[in-house]
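Engineer: Need coordinates for the below:
(chains A, B, C and D)
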Protein chains: 2
Amino acid sequence: MSETVVRKNPRRADAQHNYDVILAAARAAVAERGGDIVLEDIARNAGVGIGTLYRHFPTRQELLEAAFLDEALELRQRAEDLKAAPAPLDALIDWLHLQMDFGAHGRSMGAAVMNAKHTEGTEIQIACVDMREAGAVLLGRAQDAGEVRPDVEIIDLLRLMHGIVIANEQAPDQSRVNPMFDLVIAGIQA
Amino acid sequence: MSETVVRKNPRRADAQHNYDVILAAARAAVAERGGDIVLEDIARNAGVGIGTLYRHFPTRQELLEAAFLDEALELRQRAEDLKAAPAPLDALIDWLHLQMDFGAHGRSMGAAVMNAKHTEGTEIQIACVDMREAGAVLLGRAQDAGEVRPDVEIIDLLRLMHGIVIANEQAPDQSRVNPMFDLVIAGIQA
DNA sequence: ATACTATACGGAGGTTGCCTCCGGTTGCAA
DNA sequence: TTGCAACCGGAGGCAACCTCCGTATAGTAT
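Structural biologist: Numbers count the residues shown, from 1 in each chain, chains lettered A, B, ... in the order given. Here you go, the predicted model:
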């Protein structure tokens, strides 16, 4: 959750410290308010000036991406764990459920994490690709087992999970989430 | 597109005129910029003060809803038209495609139009309910024909359409939209 | 035609959040 | 210890939101 991120060209100790503190504050804020965080609040909670925040995270997007890095890593790990599960389709389903849970404050995460189209080599970009590839393995297993149609692609599934979350985000009742999910699952089965 | 909206307690002629002009400006803006319209631009283009805009549309949401009223009406009409189509499932599919096209600038519309949970009796609320019910008829026909599973609900389909649109909104390539759509369609079939 | 008033107009200005810029500060290597 | 590259931080400019209230006028009553 809060391991110090190591950088290629090492920064000064104070800079690294501020980076960590800001990131921690951002994570806390995202956890409770979702993606519509107020950057100046983050800075204040972190005990740094707004300028410092912007130096470390030039865009709101970058801050969000950094805040979600852990989630991407964990989702990848969960996929790894599920590779050994006996029922490939169930494993895939479980993992897709996790996708929705993790992206619960979805709008924010979605844009940041779902697409790995960002500047090559970013930590978050790599993490996203890894996560997606791990998911692709789960999908592949289910396909090899003949449980899922071979033409289904992991990116579509991930985006659908994301779509389900945000389409229900401002709805008062979350009761449609599961039916929608089941409908998608029905759609991928062989 | 621009029929004068009649109101219960008639307003002054100048007020009605301004209402119409503002709405026209809002529709134009929405058509080209999507939901992230700038209210002061709308007012300027309409040739009224910002105060006047806010009197007629106290919240951004209300303005958007009013701007999308036509689309909801047209979607309802399209559903009516498709009721006579020979192939029920194809008719449903066509209509769902229309949903995506109309909601193309989706984020804005989505919240406003997809849910009919707003204050009872609003024009837009009624229009949404009507639209959805018209869609439900299409769905029902496909179900009666044995082409779609009987447990599918129209609300889930609409939200999935919405979800597909917004999940792809910030993606550079729209190429996943159709696969995702097809996947959903596969999921509803009997 | 005139006067009256409920209704409507409009924009100045307060608020919030975004982001930049640059004078001052400081870690750290020599 | 010193010098400077790296870093800090917040003042301030900007954009958009929204409110408030003095002014204007449509519609009506006389």
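Engineer: Can you pull out the low-pLDDT segments for chain A?
Structural biologist: Scanning chain A for pLDDT under 70 picks out the ranges A:1-9, A:103-121.
Engineer: so does stretch A:146-159 get close to chain B?
Structural biologist: Yes. Against chain B, stretch A:146-159 shows contacts by Cβ under 8 Å from any Cβ of the partner chain at A:149, A:152-153, A:155-156, A:159. Glycine gets a C-beta too; all of them are placed from N, C-alpha and C.
Engineer: Narrow those residues to those that are buried.
Structural biologist: Among the residues of stretch A:146-159 next to chain B, those classed as buried by 16 or more other Cβ atoms under 10 Å in any protein chain shown are A:152, A:155-156, A:159.
Engineer: Residue A:146 contacts residue A:89, correct?
Structural biologist: No. With contacts counted by Cβ atoms under 8 Å, residue A:146 stays clear of residue A:89, the gap being 9.6 Å.
Engineer: the more surrounded of these two?
Structural biologist: Using other Cβ atoms under 10 Å in any protein chain shown, the more surrounded residue of residue A:146 and residue A:89 is residue A:89, with 21 against 12.
Engineer: Flag every buried residue along the helix or strand hosting that one.
Structural biologist: Secondary structure from DSSP states H and E places residue A:89 in helix A:88-102. Using 16+ other Cβ under 10 Å as the test for burial, helix A:88-102 gives A:88-89, A:91-96, A:98-100, A:102.
Engineer: Which of the residues you listed sits closest to DNA strand C?
Structural biologist: Checking the buried residues of helix A:88-102 against DNA strand C by Cβ to the nearest atom of the strand gives residue A:102 as the nearest, at 22.6 Å.
Engineer: so how far is residue A:68 from that closest one?
Structural biologist: 9 Å (Cβ to Cβ, to the nearest Å).
Engineer: Likewise for residue A:96?
Structural biologist: Applying Cβ to Cβ, the value for residue A:96 to residue A:68 is 18 Å.
Engineer: now the helices for chain A?
Structural biologist: Here chain A has its helices, by DSSP state H, at A:13-33, A:39-46, A:50-56, A:60-82, A:88-102, A:106-109, A:123-144, A:154-167, A:177-188.
Engineer: Generate CSV for those helices, with distance to DNA strand D as supplementary columns.
Structural biologist: Listed next are those as CSV, based on distance: least, Cβ to the nearest atom of the strand, whole Å:
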stretch, distance to DNA strand D
helix A:13-33, 3
helix A:39-46, 8
helix A:50-56, 2
helix A:60-82, 14
helix A:88-102, 30
helix A:106-109, 18
helix A:123-144, 17
helix A:154-167, 21
helix A:177-188, 28
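Engineer: Of the ones you listed, which stretch is the most buried?
Structural biologist: Neighbour counts (mean count of other Cβ atoms under 10 Å in any protein chain shown) averaged over each of those peak at helix A:154-167, with a mean of 26.
Engineer: send the alpha carbons of that helix over as CSV?
Structural biologist: In CSV, the C-alpha atoms belonging to helix A:154-167 read as follows (Å, rounded to 0.1, in the frame of the first residue of the first chain):
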residue,chain,number,x,y,z
ILE,A,154,-10.2,-9.4,-22.8
ILE,A,155,-10.3,-5.7,-23.5
ASP,A,156,-14.0,-5.8,-24.3
LEU,A,157,-14.7,-7.6,-21.1
LEU,A,158,-12.8,-5.1,-19.1
ARG,A,159,-14.5,-2.2,-20.7
LEU,A,160,-17.8,-3.7,-20.2
MET,A,161,-17.1,-4.1,-16.5
HIS,A,162,-16.1,-0.5,-16.4
GLY,A,163,-19.2,0.5,-18.3
ILE,A,164,-21.4,-1.4,-15.9
VAL,A,165,-19.9,0.4,-13.0
ILE,A,166,-20.2,3.9,-14.3
ALA,A,167,-23.5,3.4,-15.9
